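S.K.: What would the 3D arrangement of this be:
(2 chains)
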2 protein chains.
Amino acid sequence: MQPDDLPVALDAMGGDRAPEEIVAGALEAREAGLPVVLVGPVDGRLGDVGGLEILPASEVIEMKDDPGRAVRTKKDSSLVRAAEAVRDGRACAMVSAGNTGATMASALLRMGRLPGVSRPCIATPLPVPGGSPTVLVDAGANADCQPEWLVQFAQMGAAFYRERYGASRPKVALLSIGEESSKGNQLAKATHEALSAGPLADLGEFIGNVEGRDLLAGEADVVVTDGFTGNVALKALEGSLRTFMSILGEVMSATPETKAASEVLLPGLLEAAAPLDPEATGGAMLLGVDGVCIISHGSSSRRAVLNAIRVGHDLAERGLSGKVAAAVRPKG
Amino acid sequence: MQPDDLPVALDAMGGDRAPEEIVAGALEAREAGLPVVLVGPVDGRLGDVGGLEILPASEVIEMKDDPGRAVRTKKDSSLVRAAEAVRDGRACAMVSAGNTGATMASALLRMGRLPGVSRPCIATPLPVPGGSPTVLVDAGANADCQPEWLVQFAQMGAAFYRERYGASRPKVALLSIGEESSKGNQLAKATHEALSAGPLADLGEFIGNVEGRDLLAGEADVVVTDGFTGNVALKALEGSLRTFMSILGEVMSATPETKAASEVLLPGLLEAAAPLDPEATGGAMLLGVDGVCIISHGSSSRRAVLNAIRVGHDLAERGLSGKVAAAVRPKG
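M.R.: Okay, here's the model as predicted:
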């Protein structure tokens, strides 16, 4: 299998703006020289696909569908077929902006878990103004966790960071409620102890605890937590960003004078805010499955789709799965 | 005991800006007609206190001190003496901007737990632009929780909300990672089931799950979670606010043109951002102890101290502790 010859399998029916924006992203990817194959219905529902190849899939898993049940019953869905394309060596990676739970279930059930991985986890890049993103693991795959799983999330997150952002020894931190090792819940305290024993070896450096306020500050390259806390924190950040943008928008559009003043500030604001745009990050990754799986935001535009395809293709070329499997392999 | 005749006991040595800003806040409170007594050293370290009464306390619990040990060993500290003043009926409430853990421990050990309360919790008001704050319980007192404790946090939080913000039936939500009752970790799912069984009775209405992104959106009046998740979420919000303000400040001060444009926007921005200022909320409350205890932010200025004294005095007058005790009492 030569991943660089294989296309990225794109779930054409997944996401709030599917299929239009998804197909448009695929066309932009082809323009950029990235191989891509659409997965979806061949009955014309995808519109004009500009001659792109379509892997046929007649069913659609909806956002509201129960993930486990949907993957079991909708065997000919675009999501399940995209995962099968990776499993069968017809695609190097899968990308979906659809139902997150069903994307995880499809990848897990069709691609399978990597050897030695207890639980796959979601790695979500958080924007750091003026720096490389901080990768949050687990951002929502596992609501209840064991300390050993968090150690693996740290290992897999570090392996991902190295391939994605090129740092040789990423700084890995544990999310807790105080910097001291004695602070935190039982899970965090046990994980702190386990991470201090050196399981990151050559993958990176464990720098101890960080707090919620450090998530956007770039202190760590990888921040480890359970999927419940991680998802709450991620969405709290999203919500506060939205609140702040909405306040700013109201103040700027209040009067003709404020509108004119905003024109002066807008170029600088847009430039400064660019790293905060989740569309630029390429989406979240499911780590620990036997293949590259990118989980894009439900609201993904063509630009987000293009970036996800680019990242998926690049990580497949770099052999991400092999690196992740090696990261969790017991040493010595 | 007539709480309205009693002063608020203010830990004069607690906080990053103690004693200067703390004493200044006390003097402003007296100006505003609020009775206040300083608790701290009488050796001149407090500076000019303008004739305010001082309850003597020779020791200081530092921010870095271990809370439990500090309260046991520094028996003559301003924090412990402030809690004793409430216990002994010499003050109606205590306020400290010092070591949060030691404030909790002092209040718990000196005032004692209210009858029926399993664990006291921290209630922190989150700003909601254009609306009343949303109260987050538990914002950090209990890192590991039982579902029954979260039910009590909901009851105590609702009782607090009614007295503090005047809503007769506050909307109470559970923080989770999806709106459906099936979403969440084991703790959230068990708590959802328990809250659905009606333990809020006349205190408020359980409206189900909310997510991290809803925390600043004002969907709920009270949001319940464990102290680990709550503290991570609270600090994530603080951190993102700081990041955003810093980006905005850089863009505004970039050139003479942007500075001039910012002048036009500043009045509106300051007005819009005012509700986001934690100094305006009066600080966090420790609920479930036999007395009113306000935990102010470590960076509190005189204005934050003044607001905390005002809120503490008001809630003591309203008999908050009795309301909280009634809220957790089994019905029927």
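S.K.: Tell me what residue A:38 is bridged to.
M.R.: Using DSSP bridges, the bridge partners assigned to residue A:38 are residue A:10, residue A:54.
S.K.: That one reaches residue A:50, doesn't it?
M.R.: No - if you go by Cβ atoms under 8 Å, residue A:38 and residue A:50 don't touch, sitting 10.2 Å apart. C-betas here are computed from N, CA, C, even on glycine.
S.K.: How about the contacts made by the closest residue in space to residue A:190 that isn't next to it in sequence?
M.R.: Spatially, and ignoring its direct neighbours in sequence, residue A:190 is nearest to residue A:147 (4.0 Å; Cβ to Cβ, 6 or more residues apart in numbering or on different chains). Contact analysis of residue A:147 by Cβ atoms under 8 Å, 6 or more residues apart in numbering or on different chains lists A:187, A:190-191, A:193-194.
S.K.: re earlier: more neighbours, residue A:38 and residue A:50?
M.R.: Neighbour count, other Cβ atoms under 10 Å in any protein chain shown: between residue A:38 and residue A:50, residue A:38 has more, with 27 against 11.
S.K.: Residue A:141 versus the more buried one, what's the distance?
M.R.: Per Cβ to Cβ, to the nearest Å, residue A:38 is found 26 Å from residue A:141.
S.K.: can you pull the contacts of residue A:114?
M.R.: A:288-290, A:321, A:324-325, A:328.
S.K.: Apply 10 Å and report the result again.
M.R.: Contact partners of residue A:114, counting by Cβ atoms under 10 Å, 6 or more residues apart in numbering or on different chains, are A:120, A:156, A:287-291, A:321-322, A:324-329.
S.K.: buried residues in stretch A:209-224?
M.R.: Going by neighbour count (16 or more other Cβ atoms under 10 Å in any protein chain shown), the buried part of stretch A:209-224 is A:209-224.
S.K.: the longest helix in chain A is where?
M.R.: Of all segments of type helix in chain A, defined using DSSP state H, the longest is helix A:227-252.
S.K.: what are the ranges of the strands in the stretch 51-200 of chain A?
M.R.: For the stretch 51-200 of chain A, the strands defined by DSSP state E, counting those that start in this stretch occupy A:54-56, A:93-96, A:121-126, A:134-137, A:171-175.
S.K.: model confidence over the longest one, on average?
M.R.: This predicted structure assigns strand A:121-126 an average pLDDT of 96.
S.K.: Provide the strand pairings for it, with the direction of each partner.
M.R.: strand A:134-137 (antiparallel), strand A:284-287 (antiparallel).
S.K.: Output these as CSV; include the columns mean pLDDT and mean neighbour count.
M.R.: Output for the strands paired with strand A:121-126, formatted as CSV (pLDDT from 0 to 100; neighbours: other Cβ atoms under 10 Å in any protein chain shown):
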stretch, mean pLDDT, mean neighbour count
strand A:134-137, 97, 28
strand A:284-287, 97, 27
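S.K.: Can you say which of the ones you listed is nearest to residue B:31?
M.R.: Residue B:31 lies closest, by Cβ to Cβ, to one member of the strands paired with strand A:121-126: strand A:134-137, at 45.8 Å.
S.K.: Below-threshold pLDDT in chain A: ranges please.
M.R.: By pLDDT under 70, the low-scoring segments of chain A are A:1-4, A:332.
S.K.: Show me the domain layout of it.
M.R.: Using automatic domain parsing, the domains assigned to chain A come out as A:1-117+A:288-332, A:121-279.
S.K.: need those domains in JSON lines with distance to residue B:203, can you?
M.R.: Shown next, in JSON lines, are those (distance: least, Cβ to Cβ, whole Å):
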{"stretch": "domain A:1-117+A:288-332", "distance to residue B:203": "32"}
{"stretch": "domain A:121-279", "distance to residue B:203": "25"}
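S.K.: Helices of chain A, residue ranges please.
M.R.: Using DSSP H, helices in chain A cover A:20-31, A:67-73, A:78-87, A:100-106, A:147-165, A:186-196, A:227-252, A:256-273, A:302-317, A:320-328.
S.K.: of these, which approaches residue B:80 most closely?
M.R.: With Cβ to Cβ as the measure, helix A:186-196 is the member of those nearest residue B:80 (27.1 Å).
S.K.: residues making contact with the closest one?
M.R.: Contacts with helix A:186-196, where a contact means Cβ under 10 Å, 6+ apart, come from A:144-151, A:153-155, A:172-178, A:180-185, A:206-209, A:224-226, A:228-229, B:143-144, B:228, B:232.
S.K.: Drop the exposed ones from the residues you listed and show what's left.
M.R.: A:145-147, A:149-151, A:153-155, A:172-178, A:181, A:183-185, A:206-209, A:224-226, A:228-229, B:143, B:228, B:232.
S.K.: Specify which member of the buried residues of stretch A:209-224 is nearest to residue A:128.
M.R.: The nearest one, if we look at the buried residues of stretch A:209-224 relative to residue A:128 and count by Cβ to Cβ, is residue A:218, at 3.9 Å.
S.K.: any idea how far that closest one lies from residue B:199?
M.R.: Plainly put, residue A:218 is 43 Å away from residue B:199 if you go by Cβ to Cβ.
S.K.: before we move on, the earlier item: may I ask which of the contacts of residue A:147 has the most neighbours?
M.R.: residue A:191 (28 neighbours).
S.K.: Excluding chain neighbours, give the residue nearest to the one residue in the stretch 1-150 of chain A that gets nearest to chain B in space.
M.R.: The stretch 1-150 of chain A approaches chain B most closely through residue A:143 (3.9 Å), counting by Cβ to the nearest Cβ. Counting by Cβ to Cβ, 6+ apart, residue B:185 is the residue found nearest to residue A:143 once chain neighbours are left out, at 3.9 Å.
S.K.: and the spatially most central residue of chain A, bridged to which residues?
M.R.: Centrality entry for chain A: nearest residue to the mean C-alpha point is residue A:284, 0.5 Å, by Cα atoms, centre = their mean. Taking DSSP bridges as the rule, residue A:284 bridges to residue A:295.
S.K.: didn't it look like it was pressed against residue A:293?
M.R.: Yes - contact criterion Cβ atoms under 10 Å: residue A:284 and residue A:293 qualify, at 9.4 Å.
S.K.: residues shared between the contacts of those two?
M.R.: A:103, A:122.
S.K.: mind listing what the residue nearest to residue A:46 when sequence neighbours are not counted touches?
M.R.: Of all residues not flanking residue A:46 in the chain, residue A:19 sits nearest, at 4.9 Å (Cβ to Cβ, 6+ apart). Taking Cβ under 10 Å, 6+ apart, we find residue A:19 in contact with A:11-13, A:26, A:38, A:40-41, A:45-47, A:49, A:60, A:78.
S.K.: With residue A:34 instead?
M.R.: Here residue A:34 is in contact with A:7-8, A:26, A:28, A:306, A:309-310, A:312-314 (Cβ under 10 Å, 6+ apart).
S.K.: Residue A:220 too?
M.R.: Contacts for residue A:220 (Cβ under 10 Å, 6+ apart) come out as A:128, A:134-136, A:161, A:170-175, A:204-210, A:214.
S.K.: and it, how far is that from residue B:107?
M.R.: In terms of Cβ to Cβ, residue A:220 sits 34 Å off from residue B:107.
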